[in-house]
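Student: Sequence below, structure please.
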Amino acid sequence: MSIIDDRVAPALGLAAHLGRGMRRIGTDAAIGRLRRTPRTVADLDAAALARLIGRPVASVEVIDGDAGTSSRARLTLTGDDVPASVFVKMAAETVATRLMGELGNLADTETRFYRQLAPELTGVPTSYGSAFDPWTGRFVLVLEDLADPCAPPCEFPDTLHPIDPDRAALVVELLAQLHRTFWGRLPQAAGTGPLGWVYSASADSASLLTAPLLRTSAQRMAQRTELPLERGRFINENYRALAALVDRGPHAVMHGDAHPGNVYFRAGRAGLLDWQAVRRGHPSRELAYTLVTSMTAADRQATQRELLDVYRGALSAGGGPELDRDDLWDRYRQAALYPYVAALITAGMGGMQAEDIALKGVDRSLAALADLETVALLRKSL
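Tutor: I've put the predicted structure just below:
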């Protein structure tokens, strides 16, 4: 690989990425209120909701809301043939959080997902309508309200409430359904064809920031925890090469962020929320991320080989490929770097998860690096 391919082109891509985000934020500040896309929850009156969902809405009332990488609210609606309540996602309130979202291309990705991919999937909240403004980066997603007391109840796990092996099997079956649905439909190179917008994590120009964020996060974490962070030192120092190794093909369309906080269970089936990090990559990357973050280390160690077999069976039974058992196992072991990277940066940089949840994610990822012998296998494969 030439120095242009390895350094110059990614740096130029990152500069362009940052420039686009800053232009959108600047445009929003200058003329955002003149654009048609609602900017805040307060802008979601009956007329705005009617335009979004394509049905007449008589009234709108806010039930509750919160903020994170996006602004979120539950609304009650009245009108002819409208849902009684909906869940709405919109652009984040602060400029800093919006710029972070621009780096991850979160808004464009999730609105594209619900328009283009969600209609072919199950285990996904129903979308009633969406809008994305490419000039300002503002967006609105109007989704099924999973907390609707009149609908079948949903259960929402998190890192502090891990899932058992039976529920983990439901999740890997759902991932197999996602992966097999679009298997063979991705273009050879990102940027071409209907699914050209789905790119790999390692090919993203913003990934240039991952290595420095890892090192900074490790330094911060070392000051406030006694977790064995030295286990990940090799990954911190060689991230870009290792990420490219883990991301080699064949590729599937992945959820990209299937940690327990983005999982729900309803009527004996699993579902996935927050499709803002959809990526392409080898299935092992998603499987390692999901099982390492969602299960206790003991449950994962005892059942992960069987769960990978469940995944392989569900993938091939639905028309997907038959993956080699031993190859998937080795790639899964390598891909344990992914939950480590995500958990360490989340905990080290702060502000994205509650402290106890973030620390538990780091603890589980470090355990996986050890029992899967991930670093040794990555050293050998590099």
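
Student: Chain neighbours aside, what residue packs nearest to G232?
Tutor: Y340 (5.4 Å; C-beta to C-beta, 6 or more residues apart in numbering). In this view, the C-beta of every residue, glycine as well, is placed from N, C-alpha and C.

Student: Quick check: that neighbour touching S365?
Tutor: Yes: contact criterion C-beta atoms under 8 Å: Y340 and S365 qualify, at 4.1 Å.

Student: give the contact list for I163.
Tutor: Contacts for I163 (C-beta atoms under 8 Å, 6 or more residues apart in numbering) come out as 157, 171, 260, 263, 294-295.

Student: CSV please, covering the residues you listed and showing distance to A358, neighbour count and pLDDT.
Tutor: Output for the contacts of I163, formatted as CSV (distance: C-beta to C-beta, whole Å; neighbours: other C-beta atoms under 10 Å; pLDDT from 0 to 100):
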residue, distance to A358, neighbour count, pLDDT
P157, 16, 19, 91
V171, 21, 27, 98
P260, 13, 23, 92
V263, 17, 27, 96
S294, 15, 27, 95
M295, 17, 25, 96
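
Student: Let me have those residues in CSV, adding secondary structure and distance to P187 as columns.
Tutor: Shown next, in CSV, are the contacts of I163 (DSSP: H, G, I helix; E, B strand; the rest coil; distance: C-beta to C-beta, whole Å):
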residue, secondary structure, distance to P187
P157, coil, 35
V171, helix, 28
P260, helix, 32
V263, strand, 29
S294, helix, 31
M295, coil, 34
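
Student: Would you convert the residues you listed into TSV that also reports distance to A277?
Tutor: Shown next, in TSV, are these (distance: C-beta to C-beta, whole Å):
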residue	distance to A277
P157	18
V171	16
P260	15
V263	14
S294	16
M295	21
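
Student: Report how many residues lie close to the residue lying closest to M349 once chain neighbours are set aside.
Tutor: Nearest residue to M349, sequence neighbours excluded (C-beta to C-beta, 6+ apart): S217, at 6.0 Å. The number of residues packed near S217 is 23, by other C-beta atoms under 10 Å.

Student: now swap in the one 4 residues further on and tell me
Tutor: Counted with other C-beta under 10 Å, the burial measure for M221 works out to 18 neighbours.

Student: next one: the one 10 residues further on
Tutor: The number of residues packed around R231, counting by other C-beta under 10 Å, is 17.

Student: So it sits against S365, correct?
Tutor: No: applying C-beta under 8 Å, one finds R231 not in contact with S365, separated by 9.2 Å.

Student: where along the stretch 151-300 of the chain do the strands fall?
Tutor: Remark: strands assigned in the stretch 151-300 of the chain by DSSP state E, counting those that start in this stretch are 154-155, 252-254, 263-266, 269-272, 279-281.

Student: How is the chain partitioned into domains?
Tutor: Per automatic domain parsing, the structural domains of the chain span 3-144, 154-381.

Student: can you map out the strands along the stretch 1-150 of the chain?
Tutor: Using DSSP E, counting those that start in this stretch, strands in the stretch 1-150 of the chain cover 59-67, 71-78, 85-90, 127-132, 139-144.

Student: Which one, of these, ends up nearest to N236?
Tutor: N236 lies closest, by C-beta to C-beta, to one member of these: strand 59-67, at 30.6 Å.

Student: Give me the helices and strands touching that closest one, please.
Tutor: helix 46-53, strand 71-78 (3 or more C-beta pairs under 8 Å, 6 or more residues apart in numbering; DSSP states H and E).

Student: Now mean pLDDT and distance to D330 too, for those, in JSON lines please.
Tutor: Shown next, in JSON lines, are these (pLDDT from 0 to 100; distance: least, C-beta to C-beta, whole Å):
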{"stretch": "helix 46-53", "mean pLDDT": "96", "distance to D330": "46"}
{"stretch": "strand 71-78", "mean pLDDT": "94", "distance to D330": "39"}
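
Student: can you list these in JSON lines and add mean neighbour count?
Tutor: Formatted as JSON lines, the helices and strands packed on strand 59-67 follow (neighbours: other C-beta atoms under 10 Å):
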{"stretch": "helix 46-53", "mean neighbour count": "18"}
{"stretch": "strand 71-78", "mean neighbour count": "18"}
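
Student: would you turn these into TSV with distance to P149?
Tutor: Output for the helices and strands packed on strand 59-67, formatted as TSV (distance: least, C-beta to C-beta, whole Å):
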stretch	distance to P149
helix 46-53	21
strand 71-78	11
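
Student: Which of the ones you listed sits closest to Q116?
Tutor: Among these, if distance is taken as C-beta to C-beta, the winner is helix 46-53, at 17.4 Å.

Student: so what does that closest one touch, helix or strand wise?
Tutor: strand 59-67, strand 127-132, strand 139-144.

Student: Now do it against strand 127-132, angle only.
Tutor: Computed by axes from the mean of the first three to the mean of the last three C-alpha atoms, to 10 degrees, the angle separating helix 46-53 from strand 127-132 equals 100 degrees.

Student: between helix 46-53 and strand 59-67, how many degrees?
Tutor: Using the same axes, to 10 degrees: helix 46-53 against strand 59-67 is 70 degrees.

Student: Give me the angle between helix 46-53 and strand 139-144.
Tutor: Using the same axes, to 10 degrees, helix 46-53 lies at 80 degrees relative to strand 139-144.

Student: which other residues reach helix 46-53?
Tutor: Contacts of helix 46-53 (C-beta under 8 Å, 6+ apart): 38, 56-60, 75, 77, 79, 82, 86, 128-131, 140, 142.

Student: A ChimeraX selection for those residues, restricted to the buried ones, would help me check which they are.
Tutor: In ChimeraX, this line selects whichever of the contacts of helix 46-53 come out buried by 16 or more other C-beta atoms under 10 Å:
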select :38,57,60,75,77,79,82,86,128,129,130,131,140,142
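
Student: and the residue nearest to G232, what element?
Tutor: helix 337-349 (DSSP states H and E).
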